[in-house]
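Student: structure for the following, please:
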Amino acid sequence: MELLNRIAAINAADITPRMPSTGEPICERVDPTTLYVDHEYQRQIGDRGRKQIRKVIQNFCWTKFKPPICAYAEHDGQTILKVLDGQHTAIAAASNPHIDLIPVMIVDAPDTQSQASAFVGQNTQRLGITALQLHHSAVLAGYDEAVDVERTCERAGVKVLRSLPGSGRYQPGDTIAISAIKGLVSRREPLGARVILEVLAKAHLAPITANHIRAAEYVMTDSEMSIKLDPEELSKTIGDLYLSAEDEAKLMAKTLRTSEWKALGSIWFRKTKKKRQVMRLVA
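Tutor: Modelled structure (predicted):
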């Protein structure tokens, strides 16, 4: 059995190959301490990142080295190199006294928007990059879907955090449930999603979770429940019950073998003051 194969083109006659819109990358050897990281679209290094960097320093090996992706940028009247991908690698190299220069790949991304777009492209399939980080980078890059989600949240009074709060304390209206919000906007369009998120924001939840979002969507879009609910009253109920309703929902979900968010929505509906029904007189 032949284990060695030469790279060969596949049959791509049914698709249209894209002409590259930028020049090809160039490779340079640079001092890692001269590189910069732009935290407009890249996260700060946390405890987990520092542990990873220490491990790389301890086991540094050129055969495992992946050159950071960089781009030239202007800063304070000087031309610098920003790291778009590979800041952990660059920091590890800068921290290793045996390393003076490292190879980097420099791509054509002259402004922050194009750099953020390159970051998203480099990291979309990477497990180590969080959905929150990709969302904020996509917003900065001007991606329509991400911008719609961010504007919907802002108008609803919901704040999508960039990462978990260091203190562990959330403020009312904070959320890290970006995947749930993206799904909500996709299903209900920005306007419909905004109405649902506003109810949760006015309940002063800290934070707004994925279960809260699914539960609110459930009761506010169900054909029978929605016509009986006033959004203001629903917000009041959600805020008043908060954690007690979630504990009750966990028990209900186990008993009825249903999802926690559906059980939570049912509890909210049951305990919310209903709209007054107008009686019609039959002549």
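
Student: for the stretch 51-200 of the chain, which segments are assigned as helices?
Tutor: For the stretch 51-200 of the chain, the helices defined by DSSP state H, counting those that start in this stretch cover 87-95, 112-123, 131-141, 144-156, 178-202.

Student: can you put these in CSV and add distance to Cys27, mean neighbour count and mean pLDDT?
Tutor: The way it works is simple: take the backbone N, C-alpha and C, and place the C-beta from them, glycine included. Output for those, formatted as CSV (distance: least, CB to CB, whole Å; neighbours: other CB atoms under 10 Å; pLDDT from 0 to 100):
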stretch, distance to Cys27, mean neighbour count, mean pLDDT
helix 87-95, 15, 21, 93
helix 112-123, 16, 20, 58
helix 131-141, 24, 20, 80
helix 144-156, 31, 18, 94
helix 178-202, 35, 19, 94
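
Student: what about the ones you listed, which gets the closest to Trp268?
Tutor: With distances scored as CB to CB, the stretch of the helices of the stretch 51-200 of the chain nearest to Trp268 is helix 178-202 (9.7 Å).

Student: which helix or strand lies directly C-terminal to the closest one?
Tutor: Using DSSP states H and E, the helix or strand that follows helix 178-202 in sequence is helix 210-221.

Student: what helices or strands is the host helix or strand of Leu234 leaning on?
Tutor: Using DSSP H and E, the element containing Leu234 is helix 231-241. Applying 3 or more CB pairs under 8 Å, 6 or more residues apart in numbering; DSSP states H and E, we find helix 231-241 packed against helix 178-202, helix 210-221, helix 260-271.

Student: swap in 6 Å and give it another go.
Tutor: For helix 231-241, the packing partners by 3 or more CB pairs under 6 Å, 6 or more residues apart in numbering; DSSP states H and E come out as helix 178-202, helix 260-271.

Student: distance to Ile102 added to these, as a markdown table?
Tutor: Output for the helices and strands packed on helix 231-241, formatted as a markdown table (distance: least, CB to CB, whole Å):
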| stretch | distance to Ile102 |
| --- | --- |
| helix 178-202 | 33 |
| helix 260-271 | 48 |
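
Student: of all the ones you listed, which lies closest to Lys254?
Tutor: Nearest to Lys254, of all those, is helix 260-271, at 9.0 Å by CB to CB.

Student: next, the buried residues of the closest one.
Tutor: Using 16 or more other CB atoms under 10 Å as the test for burial, helix 260-271 gives 260-269.

Student: got the angle for it vs helix 178-202?
Tutor: Going by axes from the mean of the first three to the mean of the last three CA atoms, to 10 degrees, helix 260-271 is angled at 20 degrees with respect to helix 178-202.
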